[in-house]
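> mind folding the following:
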Amino acid sequence: MEILADLGEIFDSPVVRLDIAMLKKYNPRKYPFVSSLIDRMGRLSSEAQRMKRTLTTYDKILDSTDEQFLYILWEPGTRPNHSVVVGLLKVGYKNLYLFDRTLRSYKLKALCVLDFFVHPSKQRQGFGHRLFDSMLERESLAASAIAIDKPSESLLSFLSKHYGLANPIWQSTNFVVYPEFFQIIDAEKDSLNGHDHDKSPPSTPQCEHAGGYYEPSEHRRGEHAHPASSLIPNNNMEGMMIAPSSKASVSNAQMAKGRKINSMDHQHLW
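Below you'll find the model as predicted:
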């Protein structure tokens, strides 16, 4: 997407991370092209996903109650004072209740992919992988340590192809995590408890816990315990996952996955 502005005058790299402070710095009064490119790319992303409302706008990021960051991939235009906006990736930290495949519940704060889009003229050229890799490096996280909000089948295929992630675990809130997500948390728990002193724990989601980063709910599987029976979410929690049995959990995941496939179809966004 070409814009009438030289982004090289304000951005010192082809992939830029915009937090709230930077967005306020590049406000519409002084830099109208910044808010315009965000709004235009956000609208194109939502149209590609067949959504009725736009997920990403300049104002929505500023007004968000959680901690959000916007990654923009751009390159110089072929004409003077022009630039090409290639892709957009919005991430943010959210408080979540999640269940692994054994129905063990976790209350944690994790980085989430909230919007991901590469302009159609730049898709299938490696730009999406470059943008996603830049985000992972900047946030110091592995791809498996991130939750994804309502991913399409094409995004799941992207994660499988480039990061080897398989067997997604769908939550009733339409978030998706992978089995390695919980392995990372458990490894961090062992580290905090004094185990594996000789090993450095992998990058991990931030779990809310007074003593560090871990607070799983110790529920047993089966009919003697209800996995969500003692979880009462805070007001700022993304939602509560109810999983009375493994069968019901699978059903919820399938319904969530089905809703997403129908809304996203098979559009490629990078």
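
> per-residue confidence at Asp59?
On the pLDDT scale, Asp59 is placed at 95.

> residue contacts, Val15?
Contacts here follow Cβ atoms under 8 Å, 6 or more residues apart in numbering; on that basis Val15 touches 71-73, 130-131, 134. C-betas here are computed from N, CA, C, even on glycine.

> give me the sheet partners of the biggest strand by length in the chain and which way each runs.
Using DSSP state E, we find that the single longest strand of the chain is strand 83-99. Here strand 83-99 has these sheet partners by DSSP bridges: strand 2-3 (antiparallel), strand 67-76 (antiparallel), strand 105-118 (antiparallel).

> mean pLDDT lowest for which of the ones you listed?
Of all the strands paired with strand 83-99, the segment with the smallest mean pLDDT is strand 2-3, scoring a mean of 92.

> which residues in this protein form helices?
All helices of the chain, identified by DSSP state H, fall at 20-25, 32-48, 58-63, 127-139, 153-163, 179-192, 246-264.

> reformat those as a markdown table; add mean neighbour count.
Output for the helices of the chain, formatted as a markdown table (neighbours: other Cβ atoms under 10 Å):
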| stretch | mean neighbour count |
| --- | --- |
| helix 20-25 | 13 |
| helix 32-48 | 19 |
| helix 58-63 | 15 |
| helix 127-139 | 18 |
| helix 153-163 | 17 |
| helix 179-192 | 19 |
| helix 246-264 | 15 |
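
> for Leu88, find the nearest of those helices.
helix 32-48 (4.4 Å; Cβ to Cβ).

> mind giving me the packing neighbours of that closest one?
Packing partners of helix 32-48 (3 or more Cβ pairs under 8 Å, 6 or more residues apart in numbering; DSSP states H and E): strand 2-3, helix 58-63, strand 67-76, strand 83-99, strand 105-118.

> pLDDT below threshold where in the stretch 51-200 of the chain?
Applying pLDDT under 70 to the stretch 51-200 of the chain flags the ranges 194-200.

> quick one: the helices and strands packed on helix 32-48 as TSV, columns for distance to Ser36 too.
Below are the helices and strands packed on helix 32-48 laid out as TSV (distance: least, Cβ to Cβ, whole Å):
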stretch	distance to Ser36
strand 2-3	7
helix 58-63	8
strand 67-76	12
strand 83-99	10
strand 105-118	16
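
> please identify which of these is closest to Met51.
Using Cβ to Cβ, the nearest of the helices and strands packed on helix 32-48 to Met51 is strand 105-118, at 10.0 Å.

> state the distance from Leu131 to Gln123.
Using Cβ to Cβ, to the nearest Å, one gets 12 Å for the distance from Leu131 to Gln123.

> ok, and the closest non-adjacent residue to the residue most central in space within the chain?
With distances taken as Cα atoms, centre = their mean, the residue of the chain nearest its centroid is Val113 (1.2 Å). Ranked by Cβ to Cβ, 6 or more residues apart in numbering and with sequence neighbours excluded, the top spatial neighbour of Val113 is Ile148, at 4.7 Å.
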